Structures are given as C-alpha cells and as structure tokens.
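> generate coordinates for the sequence data below:
(one chain, ligands or ions: 3)
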Amino acid sequence: MTTTPLTHIVDPHRLKSLPANEIPALAGQIRHFLVEKVCRAGGHLGPNLGVVELTIALHRVFDSPRDRIIFDTGHQSYVHKILTGRQQEFDSLRVAGGLAGYPQRAESEHDHVENSHASTSLAWADGLAKAQQLRGETDRRVVAVIGDGALTGGLAWESLNNLGGSGRPVIVVLNDNGRSYDPTIGGLAEHLGALRSGAASGRNLFHTMGFLYLGPIDGHDVRATETALRHARELNQPVVVHCVTEKGRGYTHAENDEADRMHGIGVLNPATGTGKAGGAPSWTSLFGRHITELAETRPDLVALTAAMLRPVGLHRFAQRFPDRIFDVGIAEQHAVTSAAGLAMGGLHPVVCLYATFLNRAIDQVLMDVALHQLPVTFVLDRAGITGPDGPSHHGVWDLALLGQVPGMRVASPRDPVELAALLAEAVDDPGPTALRFPKAAAGPAIKARNRMDGMDVLYRGEHTPLDVLIVSAGVLAEPALQAAALLEQDGLGVTVVDPRWLLPINPTLVHLAARHRLVVTVEDGVRTGGLGTALAQACGAAGVRTPVDNLGVPPAFLDHGARGDILAACGLDAESIAEAARANLGSTPVPHPSRLEGVLQ
Ligand SMILES: Cc1ncc(C[n+]2csc(CCOP(=O)(O)OP(=O)(O)O)c2C)c(N)n1
Ligand SMILES: CC(=O)[C@@H](O)[C@H](O)COP(=O)(O)O
Ligand SMILES: [Mg+2]
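Ligands and ions are numbered 1, 2, ... in the order given. As a prediction, this is how the structure comes out:
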C-alpha cells in the first residue's frame, strides 16, 4: 500500500481523493506531526490528538469553506489547519505574527469563529443556518464541532433550545472524550456516559430536545464517522452526531497524563513528554497554597472552579477540603450566581476564573453578588496580557468591568507577600472583592518605603518639588520603579505608589496627586475605564487639576505573542513609562507609538 505523504495534502480536495485504505497512514503522519510541532512550540496537544480521524472525516464529507465547519473554543483546530494548507506554518505556532492557536479568518477561508471562549459554536451555527435559509442557500451545511465540556456551558443549552425542532440543517458533532481538563461533571456528563456505554438506548436527551441523533460513533474510525456524517448531511434537519473520542490518543505520554491528557503543554521533549522544571513559582501555585492555608482556620471558605480546577490552582485545596470545592463545568454564570447562593447561605465563596472568562458572568457579578452586597471573592488568574492564546484570552477587561460594579473592591498584588496579605483581606471583607494576577512567574518581594492609608509608597525621589506621581497596578510596580529611576536621572522628583486596592479609588491618592505636577497610572488592562480613568475622574470631582496620563492596554483586540513584548508594545515597559512622563511634562514632544490609533495591529 503506498502512503501518500502528508505534505501532499495541501487542501481538502486532495484529502477527498485519497483512497480510504490510505487514511490510517495519513492519521499516523498527522499524529507524528502534531507531537513534533506542539512539543516544540507548546500548545493544545491532547485535544488535537483526539480529533485526528474526526477532522479527516469532516473534511472528506463536507465541502469547506462553502459548508462552514465551526470549532467550539477552537483549541482543537490544529488538524483542521494541517488539512487546509497550513502545515508549513506550524513552526511559528502561537508566535507573534505566526500561526494562531485558534481559527483565524486572516489565515484561511476555512476558518470562521476566532473566539476561544467555550460553548458558542451552536449559537454561531444557528445564526449561520438562519442566514443560509433566508438567502436560499439550501445546498450549504453548517457543522458545529462541540466538546462534551463546552456542552456544559449555558450558551450551548440556549442554542440547543433554539435549534431543536427548528428544521434548520445544522449538524452538531459532539466530540465526546469525557473530559474538559478533568473528567466532565454533572448530569449531562452522566447522560453522555450512559449513551457512550449503550446503557441509555432508545429516546435520549437530544431526541427530547428535537434533534435527530446518530451515535455513539467511534470517532477514531474514519469510515464509520464518514458514514454517519454523510447520513447527517442528507437528513437536512438538526442532528447530533455523537462521536466518542480519546483526548491525547496515540501519544503515550498524553494518554497516561491523568491530570488533563496534555490538554495544554509548554515546550516538551517529545521522547520523554517532560519539559523544563523549576523556576520561580507561578502566581497560580502561590494562590493555591495561600487559599488552602486560609481555609484551615476559616470553615466558611469554599471555592468554585468552572472546569479548571488545576489551571486555577485549586487542586491542593480540593484534596484537603473535598467537601468545600465545587466544579460547575464550563459554566461561569452558574459559578457566580451559585456563589451568591453560597454567600447568602452564610459561607464565603472564592470564585476562581481566568480573568477573560469573567466577562461572560458580569451580569451575575452585578445583579446577583453586588446588588445583594454578598461576601464573594473573585480570584482572577491570567489577568492582563496573557500572550500565546491571543485576543480572546488576554484578561484585559476585568478591571474596567469591575470598576462599574457598586460595592466591588479590586486588588492586584505586586509580589507574593502582597498576594497573601491581600487575599486574607479579601476573604475578610463582608462585601464583594476581586484579586487579579497575571500569567507569569511571581517576582521577588518589592518592599514598601511606607504605608499610607492602606497604600504602599514604593519610592520617593530625592529631588523636590514633586513632579511625577506614578501609580502602578500589581506587578507593573517593577517597570514603574525602573521608570522612576530614569526620571530621577532627568532631575525630576518622582513618587511611586501601589494602591494595593486599585478600585474604588483611595481618596488619599487624590491628595497625593494634588501634590505633583503630573500623575502617570500604569495598569495591565484596558486604559479606558480602568484605574487611570477612575483616578482622573476622582481628581476632577475633587477639583484637583493635576493631569493624569493613564497608560494601559489600548481598547483593541491584540494578537498572540510573548507577554513581555505585547506589554512593551502597549507602552507598559520602563522606558515607555518614563517617556510618557517626559512627554507630558513637555520635555520631549513625541508620545509613545502605542498611544497612536491603530498602531497595535
Ligand atoms: C468560557 C470558557 N471557560 C473556560 C475555558 C477554558 N477551556 C478551554 S478548553 C476547556 C475544556 C474544553 O473541553 P471540551 O469542550 O470537552 O473540549 P476538549 O478539550 O475535550 O476537546 C476549557 C475549560 C474557555 N475556553 N472558555
Ligand atoms: C483553550 C483554553 O481556553 C485554555 O486551554 C487556555 O488555552 C489555557 O490557557 P493557559 O495555558 O494559560 O492555562
Ligand atoms: Mg472534552
């Protein structure tokens, strides 16, 4: 049997013409390619190893891009990219200017949805199918590929409700590997488990919701999967094709990874499946240690995760307090409002999410937690620029969003000592609080010169009068202090202060502003509506005329890249902060490029 080289498959048409008996060899080549490229770059290895045969079948049955194939969350779209002409670009996977780790329309006509937030694919499919119907495009199909984890998200159920019985020809391919990171939880997971095992024959949940149902299909058997997909295509009705797959399939180190089947990996040695160990502890691991220690003497503390127990650092807490940890599935809205219930019931819940995923639950924060003034603490990991996961993963909106929530207090620790202190203060607060920290290793302790009404003065220059007050949020204390040193060399009198609790604005900060010629605020979040905006408003309201230049992330969708490079491009490195101060004080006329519209592509 000849083996067509993977490099020959430059588009789905070549794939369609491949003899069926060559598919297994092709799948093997794709697996080898995935392991080699993803171990070298980092990325989502397990999810993509699990959809090799499924994606081959999808592109042999459907006619992409005329038929639209929508990948939910998009982290499992590497095989799709390999089969749609982008093999050569995998050496630049998740590198600035290189191949994105999620679908991206600028890369290919075969890519449609770029949002990496889970559970949206069925809504996209419903909308596209309605558009096709209204435009008379009856020969086109919309295929939504959704994981069992993403199916636990509320938006997915809103969409099932709209699609069921609608007559719209949407093919829902349920990629059921039984896991998000951990095994998927809840009643749906139980039902899918019963369907997979054949213990729930006859009418099932999907039938009841108004779908035709094909399955369970072995999602690693291309022939069986193709047959089911061809049948689904011809049904011309909303249909669920239940494909059973295995996350990490075909790579022993992923198959044996009990934690999450190598869901997302860093750079690894493919032979051993291991990467560089050691280095400074992450913010995540430090948080996990502190919350577990606090809970020893606070029986009212409970923790919630939205299917990301280990990624948010709660696995240690879960082992120690198995009755006080709640994994709600990929269901951030449920996490927040059920936390409101836990708080109303007399406990102090700690809701642990990635900052970007809080976006999805802002109404619940506002109208369930804050309206009822409940003691809920939000711990927002991956806050600020995250880097390789691209625009829908940068956690840059939480500060601006939470700043609008009455009664909400928001803190951002600058170092591990402050993390412990601020977390303790947060869980002691009788109202809603939030703590945010980045996707990074935690730096060394940054000692305060003195504390002033709850804020830390980190630096007071030798020169007088006082020229520049730099207000730094969280870890940006480090570049702020470096910028102060540069400005001192210019002979300017500089003060650096870390408010610790960023929002609402500490009135003493306004008084400090009044004593300087310029305030520069520095935050790892959108500069419109965050710390800087709030301080400028507070100064205005108090009649303090000191100009406030707020440095932050522009209100734009920033592509993937290295966190440090993106921060610098946003003007959040020491040189740029110093340059902003000089420009505002009139010593150098040219603003930092990031301040110009549209500079960040
Ligand atoms: C709203 C939201 N919350 C959390 C995440 C983080 N996340 C990325 S993939 C994933 C698990 C997805 O599981 P599943 O849908 O079953 O896909 P699989 O990885 O198993 O293929 C999670 C929780 C996300 N992308 N979006
Ligand atoms: C796809 C998704 O949302 C997660 O897998 C995310 O990529 C994890 O990001 P970290 O790698 O920062 O944990
Ligand atoms: Mg899954």
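> so who does Ala150 touch?
By Cβ atoms under 8 Å, 6 or more residues apart in numbering, Ala150 lies in contact with Asp72, Thr73, Ala118, Ser119, Ser121, Ala156, Ile330. Any C-beta I mention is one placed from the backbone N, CA and C, and that applies to glycine too.
> closest to ligand 2 among these?
Of all those, Thr73 has the smallest distance to ligand 2: 5.5 Å, by Cβ to the nearest ligand atom.
> quick check: closest non-adjacent residue to the residue of the stretch 151-300 of the chain found nearest ligand 2.
Proximity of the stretch 151-300 of the chain to ligand 2 (Cβ to the nearest ligand atom) peaks at Gly264, 4.3 Å away. Among residues not flanking Gly264 along the chain, His44 sits closest, at 5.4 Å (Cβ to Cβ, 6 or more residues apart in numbering).
> what about that neighbour, how many residues nearby?
Using other Cβ atoms under 10 Å, His44 has 24 neighbouring residues.
> make residue 1 into 5 and carry on from there
Will do, 5 is the new start, and the previous item becomes His48.
> so Val500 sits right up against Leu470, yeah?
No. Proximity of Val500 to Leu470 does not meet the contact threshold set by Cβ atoms under 8 Å, at 11.6 Å.
> now the strands: where do they sit in the stretch 455-604 of the chain?
All strands of the stretch 455-604 of the chain, identified by DSSP state E, counting those that start in this stretch, fall at 459-464, 472-476, 498-502, 505-507, 522-530, 552-557.
> among these, which is the most enclosed?
Sort the strands of the stretch 455-604 of the chain by mean neighbour count, taking mean count of other Cβ atoms under 10 Å, and strand 472-476 sits at the top with a mean of 29.
> please identify the helix or strand for Ser362.
I think there's a mix-up here, since residue 362 is Leu and not Ser. For Leu362, the host element (DSSP states H and E) is helix 359-362.
> so is that helix next to ligand 1?
Yes. Using Cβ under 6 Å from any ligand atom, helix 359-362 reaches ligand 1 at Phe361.
> which residues sit against that helix?
Applying Cβ under 8 Å, 6+ apart, the external contacts of helix 359-362 come out as 121, 310, 336, 369, 382, 384-388, 390, 396-402, 405, 440.
> show me how far that helix is from its chain's centre.
Helix 359-362 has its C-alpha centroid displaced from the chain centroid by 6 Å (Cα atoms, centre = their mean, to the nearest Å).
> let me know whether it sits next to ligand 2.
No. Helix 359-362 stays clear of ligand 2 (Cβ under 6 Å from any ligand atom), getting no nearer than 7.9 Å.
> tell me the helix or strand right after the longest helix belonging to the chain.
In the chain, with assignment by DSSP state H, the single longest helix is helix 27-45. As assigned by DSSP H and E, the chain's next helix or strand after helix 27-45 is helix 49-53.
> and that next one, what does it pack against?
In this structure, helix 49-53 packs against helix 27-45, helix 256-259, with contacts taken as 3 or more Cβ pairs under 8 Å, 6 or more residues apart in numbering; DSSP states H and E.
> count of neighbours near Pro187?
Taking other Cβ under 10 Å as the criterion, the count of residues near Pro187 is 14.
> shouldn't it be in contact with Glu194?
No. If you go by Cβ under 8 Å, Pro187 and Glu194 don't touch, sitting 11.0 Å apart.
> re the thing from before, if I pick the residue nearest to Gly268, what's in contact with it?
Val42, His79, Gln80, Tyr82, Gly105, His267, Gly268, Ile269 are the contacts of His48 under Cβ under 8 Å, 6+ apart.
> now those as CSV including secondary structure?
Output for the contacts of His48, formatted as CSV (DSSP: H, G, I helix; E, B strand; the rest coil):
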residue, secondary structure
Val42, helix
His79, coil
Gln80, coil
Tyr82, helix
Gly105, coil
His267, coil
Gly268, coil
Ile269, strand
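> and the furthest pair within the residues you listed?
Gln80 and Ile269 (14.0 Å; Cβ to Cβ).
> where does the stretch 105-254 of the chain dip in pLDDT?
Applying pLDDT under 70 to the stretch 105-254 of the chain flags no residue at all.
> so where do the strands sit in it?
With DSSP E, counting those that start in this stretch, the ranges of strands along the stretch 105-254 of the chain come out as 146-151, 174-180, 216-222, 243-248.
> so is the first one next to ligand 2?
No. For strand 146-151, no contact with ligand 2 is found by Cβ under 6 Å from any ligand atom; the gap never falls below 10.3 Å.
> list, one by one, the residues from the stretch 405-554 of the chain near ligand 2.
Lys443.
> from the stretch 405-554 of the chain, which residue is nearest to ligand 3?
Residue of the stretch 405-554 of the chain nearest ligand 3, by Cβ to the ion: Lys443 (22.5 Å).
> so where's the stretch 505-605 of the chain uncertain?
Using pLDDT under 70, the flagged stretches of the stretch 505-605 of the chain are 591-605.
> find the closest residue to ligand 3 in it.
Closest residue of the stretch 505-605 of the chain to ligand 3, Cβ to the ion: His564 (22.9 Å).
> okay, now the residue nearest to Arg183 when sequence neighbours are not counted: neighbour count?
Of all residues not flanking Arg183 in the chain, Lys251 sits nearest, at 5.4 Å (Cβ to Cβ, 6+ apart). By the measure other Cβ under 10 Å, the count of residues near Lys251 is 27.
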